[in-house]
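Undergrad: Sharing a sequence plus its predicted fold:
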Amino acid sequence: MKEIINKHKILILGVNGFIGNSIYKELYAYFRVFGTYATPTKALDNNKQFFHYNHEEDDIVEILEITKPTIIISALRGNFATQYIAHLHIAEYLSQYNCKILFLSSANVFDAYKNYPSYEYDKTFSQSVYGHFKIKIENMLMRLPRRKWAILRLPMVFGAGSPRIEEIKTLLHEKSPIEVFPNLIINVTTDYKLSQQVHYIINRDKTGIFHLGSTDLIHHDEFIKSIVDSIISYKPIYKQVYTTNDDRYLAVLPKNNMLPNNLQIQSKNVIKMSIL
């Protein structure tokens, strides 16, 4: 155990977010884990391993110098411009020290494609501001030696207590319409499975691009309706949104960097794990 604990010092940027917190819970018993948080609470302030950091106001360099991480996990949210500057400083740190970054990217780097799911080495192409932002940071990191980075592209992330599940519950409580996209084909995952995958990538010292979605694809409206049917017994109000007359894909599937079978997940299991 001591050998494992001493192997890495990990810094999670955005440790108080839904995904960042789940990754922290998975890793803290095995490694020395630090974290940053943007919104102070008494519990976070009292945790000496956590540092208050607002990328719109603060410089990440000071925290890097204090923690001296060997692995950085970036789960930041918020202003794109200041996030980009933070990652520029992180890239400088990576080039100077024995450190690697796990960057949580998104299926939205492919949101301009419509006719097929996307694999690790497909060319990124986005029509959204969010997708463009993720591509910009991916390209920055990929200019570093491959041993310095792993890019983890995520589909929609669900799980018990996730923002997406809580939003659905709020809409149901308010009897407000729930948006579904009948022509959108997606894959999905949970925070729990993602955290296990991150742990594996760290332990096996994996690098490169990873697509961490469910192994199967499902229409967005079918998936959301299955979630809702697991929560309530009556018929809610749905708002069906058609962005195209044909099916379009927003799904990230692995082809080159496959993880073991026990780290794979199917959409039906995402539904089960989201309504515990």
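TA: Ah, there it is.
Undergrad: Return the alpha-carbon coordinates of the helix ranked longest in the chain using PDB.
TA: If you go by DSSP state H, the chain has its longest helix at helix 80-96. What follows is helix 80-96 as a C-alpha-only set of coordinates in PDB (Å, rounded to 0.1, in the frame of the first residue of the first chain):
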ATOM      1  CA  PHE A  80     -13.700  29.200 -21.400                       C
ATOM      2  CA  ALA A  81     -11.100  32.000 -21.800                       C
ATOM      3  CA  THR A  82      -9.700  31.800 -18.300                       C
ATOM      4  CA  GLN A  83      -9.800  28.000 -18.400                       C
ATOM      5  CA  TYR A  84      -7.700  28.100 -21.600                       C
ATOM      6  CA  ILE A  85      -5.100  30.400 -19.900                       C
ATOM      7  CA  ALA A  86      -5.000  27.900 -16.900                       C
ATOM      8  CA  HIS A  87      -4.300  25.000 -19.300                       C
ATOM      9  CA  LEU A  88      -1.500  27.100 -21.000                       C
ATOM     10  CA  HIS A  89       0.200  27.400 -17.600                       C
ATOM     11  CA  ILE A  90      -0.400  23.700 -16.900                       C
ATOM     12  CA  ALA A  91       1.200  22.800 -20.300                       C
ATOM     13  CA  GLU A  92       4.300  24.800 -19.300                       C
ATOM     14  CA  TYR A  93       4.400  22.900 -16.000                       C
ATOM     15  CA  LEU A  94       4.100  19.600 -17.800                       C
ATOM     16  CA  SER A  95       6.900  20.400 -20.100                       C
ATOM     17  CA  GLN A  96       9.300  21.200 -17.200                       C
END
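Undergrad: Quick check: buried residues in it?
TA: Going by neighbour count (16 or more other C-beta atoms under 10 Å), the buried part of helix 80-96 is 82, 83, 86, 87, 90, 91, 93, 94. Using the backbone N, CA and C atoms, a C-beta is placed for each residue, glycine as well.
Undergrad: Report the angle between the helix or strand that that helix is followed by and helix 80-96.
TA: Once the chain leaves helix 80-96, the next helix or strand it forms, by DSSP states H and E, is strand 100-106. Relative orientation of strand 100-106 and helix 80-96, computed by axes from the mean of the first three to the mean of the last three C-alpha atoms, to 10 degrees: 150 degrees.
Undergrad: strands paired with strand 100-106, and their directions?
TA: Counting by DSSP bridges, the strands paired with strand 100-106 are strand 71-74 (parallel), strand 149-154 (parallel).
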